[in-house]
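1. following is a predicted model, sequence given first.
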Amino acid sequence: MNFPKGISTIVDILKMLLALISLLVLFLIVISVNPDLLVKKAKDTGPWKPKSVLTDLEGEPKAALIKFGFELITKTPQLIGPMSSNPNKQFAGNNLTCQNCHLEAGTKPGSGSFVGVFNRFPQFSGRENRMGTLEQRVDGCMQRSMNGQPLPKNSLEMKAIIAYIKWLSENVPEEEEAKYKGYAKVKLPEVAADPLLGKLTFEKHCVVCHGDNGQGQRPSENALYIYPPLWGKDTYNHGAGMHRVITAAEFIKGNMPYLQATWDNPVLSDEEAYHVAAYINSFDRPLKSNPEADFPEKHLKPVSTPYGPWTDDFTAEQHKYGPFQPIMKFYNEKYGIKKSK
């Protein structure tokens, strides 16, 4: 009496096995067509952001070198500047850190960010009239913004800085790399930048951090600046890019007042940034040696370079403060070069 029931049970089991085999075959076919389905998708962590040495070095083969590069960027005068205990390591000539210009250790957009920079080298440099390496660009900063001397070739310090910049430049989405490149755009007023107007903006927005004498704030002479000096003996020299009014205005617009302005949501107007850049750069600062050697092809010199020689008849005053549009027009008409700085 139970025999037919047993046969029925076996048939049901065979049907289930055939169904499972069919599903397995279907799964194998799908996976063979799209093997990425087996790869675990990364958890959605929100908008893309640059890597951080505090959270993203785990498993990185060059973690120690990258972290040292980060420390050089954030503790520059203590490691390779006047505060270094080793006189042979005092390559920087002032007590600025690299991140006084490259804010947030080079990860803030609109402040000369390092994000994506490694991918753009080698590149042509008009200042040297040659294809330049990233190492040469770093040395340019050392000689100008840091008012010092180049790092020794193949030094651990140079390797660490390059490793850090390379790490920040890896796997950056194309649209993000474009966002992090350069500074905020400034529509230049068609008048000369006026230091007296700039002083009004400085007193309103800048004094609280940089002081009315522009010398910044730090707890003691043996400590890092909380806010850096903007002129005087302990800041960038006159050969630095930040000494050009247009470049300074772009940096200021996208970043100042600090922790308030961003490249896409500035506090200052174009006019305010333009004039306060003139005020900051109207004061004395260290002089770079041999500036006349810059830009061997003088017609490639930025119009706002405040030191000669130039291949035009505009005054030194106009090259420093503008108005810059007539100078730009001259180079466009004579050399076919459209200049924006």
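-> Right, received. Where do you want to start? Numbers count the residues shown, from 1 in each chain.
2. give me the contacts around stretch 168-177.
-> Residues from elsewhere that reach stretch 168-177 (CB atoms under 8 Å, 6 or more residues apart in numbering): 48, 50, 51, 106, 107, 114, 115, 116, 117, 118, 119, 180. Yep, even glycine has a C-beta here, placed from its N, CA and C like the rest.
3. make JSON lines from those residues and add distance to residue 293 and pLDDT to it.
-> Shown next, in JSON lines, are the contacts of stretch 168-177 (distance: CB to CB, whole Å; pLDDT from 0 to 100):
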{"residue": "48", "distance to residue 293": "41", "pLDDT": "95"}
{"residue": "50", "distance to residue 293": "35", "pLDDT": "97"}
{"residue": "51", "distance to residue 293": "38", "pLDDT": "97"}
{"residue": "106", "distance to residue 293": "28", "pLDDT": "98"}
{"residue": "107", "distance to residue 293": "33", "pLDDT": "98"}
{"residue": "114", "distance to residue 293": "27", "pLDDT": "98"}
{"residue": "115", "distance to residue 293": "31", "pLDDT": "98"}
{"residue": "116", "distance to residue 293": "30", "pLDDT": "97"}
{"residue": "117", "distance to residue 293": "25", "pLDDT": "98"}
{"residue": "118", "distance to residue 293": "27", "pLDDT": "98"}
{"residue": "119", "distance to residue 293": "29", "pLDDT": "97"}
{"residue": "180", "distance to residue 293": "31", "pLDDT": "96"}
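4. adding distance to residue 271, write the residues you listed out as a markdown table.
-> Below are the contacts of stretch 168-177 laid out as a markdown table (distance: CB to CB, whole Å):
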| residue | distance to residue 271 |
| --- | --- |
| 48 | 33 |
| 50 | 31 |
| 51 | 37 |
| 106 | 29 |
| 107 | 29 |
| 114 | 30 |
| 115 | 29 |
| 116 | 30 |
| 117 | 30 |
| 118 | 35 |
| 119 | 35 |
| 180 | 26 |
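5. out of these, list just those in helices.
-> Residues from the contacts of stretch 168-177 lying in helices, with DSSP state H as the criterion: 106, 180.
6. from residue 247, how far out is the closest residue to residue 129 other than its chain neighbours?
-> Spatial nearest neighbour of residue 129, chain neighbours left out: residue 296 (4.3 Å); criterion: CB to CB, 6 or more residues apart in numbering. Per CB to CB, to the nearest Å, residue 296 is found 21 Å from residue 247.
7. quick check: residue 337 vs residue 313, distance?
-> Distance of residue 337 to residue 313, computed by CB to CB: 17 Å.
8. and these two? which has more neighbours close in?
-> The neighbour comparison of residue 337 against residue 313 (other CB atoms under 10 Å) goes to residue 337, with 13 against 7.
9. next one: phi and psi at the residue nearest to that one when sequence neighbours are not counted?
-> Closest residue in space to residue 337, ignoring its immediate chain neighbours: residue 331 at 4.8 Å, by CB to CB, 6+ apart. Here is the backbone geometry of residue 331 (degrees, to the nearest 10): phi -70, psi -30.
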